[in-house]
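Enquirer: the amino acid sequence is not available; the structure is as follows:
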């Protein structure tokens, strides 16, 4: 990165006075102009196990809700269990830790996410329904809640059909995407049979039909292949498409504004790192500048993730092993994170849309191909430190948030 580009980043950076919620938001006020006209803000993360990312997202959510009128937190979490979290934050049904555990993802069972859920509940207390901030899960995985709702409904309207319709689908409570691929895809047929049975049963079946549709999507993901000659037929492409469709459904209300929590790999507007269109690309294609993708990066430190044995396709093996702390030093000099640290070593935000009027060298660098860190819920043992993904910043992101030091998220007790 040339001195001209470094200077632009240093001059453009918006220093963050804090990563934690509940403090003055004076440093965030420039976002009011930056996000004018935006209805969906994608809040990314380079890891699923960084405490500082979760804290910053919580802080940004509070700002978006209180200052900019955002009304929904849509999360890369179980669509099936999302209503239980929403019932807690809106009506106080259940308890925060319990509904969080119900989402089924170890990544979100943390003190940081718990604090955010509790803030949502505190914000909503005493407010009229139309002014409450809602919670929605958008990922068709971990479908135990949907199976329970459907079981209860069928026992009332067709008890003789409950076992026959639901028994083949029980595996969707825990089965993960791509775990049961096959040409017959019988699981999809079973889920579609259930949905067909429920269609036409009147308004009283609306909630059951919604959960049945989740099962159809989950069955599709479970039985899709992870590799295909057409990348858009893979489980990865289907999952991002389904998550984008869930966000689209929320936007049917023209007053809705959404904070969208997901990994950097999902919120990006383009696919320079691979052939699969991410969720953010679908949203950007439909909504243009009304979608703002904010990628979150870090300098050095540690993060939590499960470790897998290295291999050509570690995702094909069953998930195993507890999440552990993975330590990592500063990024190599040519990585995006190192360039950001050189320009502004502290925690900061950069609005990449402002580069439209930047010098030619800046625009060329942003449109170039670079490498940045990207870690999911699992990382390969030993070699994860060297993992870098290709990225074209101008193509994929509207803004970046840089956190100098990452530490592992803090898990909640399992009992």
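Expert: Sure, I can see it. Quantities reported herein were computed from a predicted structural model and do not represent experimental measurements. Numbers count the residues shown, from 1 in each chain.
Enquirer: in contact with the residue of the chain most remote from its centre, which residues?
Expert: In the chain, the residue that sits farthest from the middle, by C-alpha atoms, centre = their mean, is residue 160; the gap is 39.1 Å. Residue 160 makes contact with no residue under the criterion C-beta atoms under 8 Å, 6 or more residues apart in numbering. Quick note: C-beta positions are derived from backbone N, CA and C, even for glycine.
Enquirer: 10 Å instead?
Expert: Each residue near residue 160 by C-beta atoms under 10 Å, 6 or more residues apart in numbering is listed here: residue 154.
Enquirer: helix/strand/coil for it?
Expert: Per DSSP: H, G, I helix; E, B strand; the rest coil, the secondary structure class of residue 160 is coil.
Enquirer: how much space between the closest residue to residue 162 other than its chain neighbours and residue 175?
Expert: Excluding its sequence neighbours, the residue lying closest to residue 162 (C-beta to C-beta, 6 or more residues apart in numbering) is residue 154, at 4.0 Å. Using C-beta to C-beta, to the nearest Å, we find residue 154 at a distance of 21 Å from residue 175.
Enquirer: circling back to that earlier point, any idea how far the helix or strand hosting the residue nearest to residue 162 is from the chain center?
Expert: With elements taken from DSSP states H and E, the one containing residue 154 is helix 144-157. Computed by C-alpha atoms, centre = their mean, to the nearest Å, the separation of helix 144-157 from the middle of its chain amounts to 27 Å.
Enquirer: could you say what helices and strands that helix packs with?
Expert: Using 3 or more C-beta pairs under 10 Å, 6 or more residues apart in numbering; DSSP states H and E as the contact test, the elements touching helix 144-157 are strand 72-78, helix 82-91, helix 162-166, helix 186-198, helix 206-223.
Enquirer: where does pLDDT dip in this protein?
Expert: Along the chain, the model assigns pLDDT under 70 to residues 272-274, 310-320, 415.
Enquirer: 50 - rerun?
Expert: Where the chain drops to pLDDT under 50, the residues are 314-316.
Enquirer: tell me what angle the helix holding residue 154 forms with helix 186-198.
Expert: Computed by axes from the mean of the first three to the mean of the last three C-alpha atoms, to 10 degrees, the angle separating helix 144-157 from helix 186-198 equals 40 degrees.
Enquirer: so which bits of stretch 35-53 are buried?
Expert: 35, 38-53 (16 or more other C-beta atoms under 10 Å).
Enquirer: pull the distance from it to the chain's centre.
Expert: 8 Å.
Enquirer: now do stretch 239-258
Expert: Counting by C-alpha atoms, centre = their mean, stretch 239-258 comes out at 13 Å from the chain centroid.
Enquirer: same thing with stretch 143-154?
Expert: 25 Å.
Enquirer: repeat for stretch 244-259
Expert: Stretch 244-259 sits 15 Å away from the centroid of its parent chain (C-alpha atoms, centre = their mean).
Enquirer: buried stuff in that stretch?
Expert: So, applying 16+ other C-beta under 10 Å, buried residues of stretch 244-259: 244, 246-247, 250-251, 256-259.
Enquirer: residues contacting residue 148?
Expert: Neighbours of residue 148 in contact, by C-beta under 10 Å, 6+ apart: 80, 166, 173, 211.
Enquirer: kindly report the same for residue 134.
Expert: By C-beta under 10 Å, 6+ apart, the neighbours of residue 134 are 71-74, 82, 85-86, 89-90, 120, 124, 250, 256, 258.
Enquirer: what does residue 156 give?
Expert: By C-beta under 10 Å, 6+ apart, the neighbours of residue 156 are 162, 204, 208.
Enquirer: could you do residue 182 as well?
Expert: Taking C-beta under 10 Å, 6+ apart, we find residue 182 in contact with 223-225.
Enquirer: residue 257 now?
Expert: Residue 257 sits in contact with 35, 38-41, 64-65, 68-72, 250-251, 290, where contact means C-beta under 10 Å, 6+ apart.
Enquirer: can you check residue 92 too?
Expert: With contact set as C-beta under 10 Å, 6+ apart, residue 92 has these partners: 121, 124-125.
Enquirer: now swap in residue 358 and tell me
Expert: The contact partners of residue 358, taken as C-beta under 10 Å, 6+ apart, are 4-5, 8-9, 11-12, 352, 364-366.
Enquirer: cutoff 8 Å now
Expert: Residue 358 makes contacts with residue 8, as judged by C-beta under 8 Å, 6+ apart.
Enquirer: if I look at it, how far off is residue 150?
Expert: On the measure of C-beta to C-beta, residue 358 and residue 150 end up 53 Å apart.
Enquirer: again with residue 72
Expert: Separation of residue 72 from residue 150 (C-beta to C-beta) stands at 25 Å.
Enquirer: in which helix or strand would I find residue 325?
Expert: Counting by DSSP H and E, residue 325 is found in strand 324-328.
Enquirer: which parts of stretch 61-78 are buried?
Expert: Quick answer for stretch 61-78 (16+ other C-beta under 10 Å): 61-65, 68, 70-78.
Enquirer: quick check: longest strand of this structure.
Expert: strand 291-308 (DSSP state E).
Enquirer: that's a strand at residue 243, yeah?
Expert: No. Under three-state DSSP, residue 243 sits outside any strand and is assigned helix.
Enquirer: dump the residue contacts of it.
Expert: Taking C-beta under 8 Å, 6+ apart as the test, what residue 243 contacts is 76, 138-139, 262, 266, 279.
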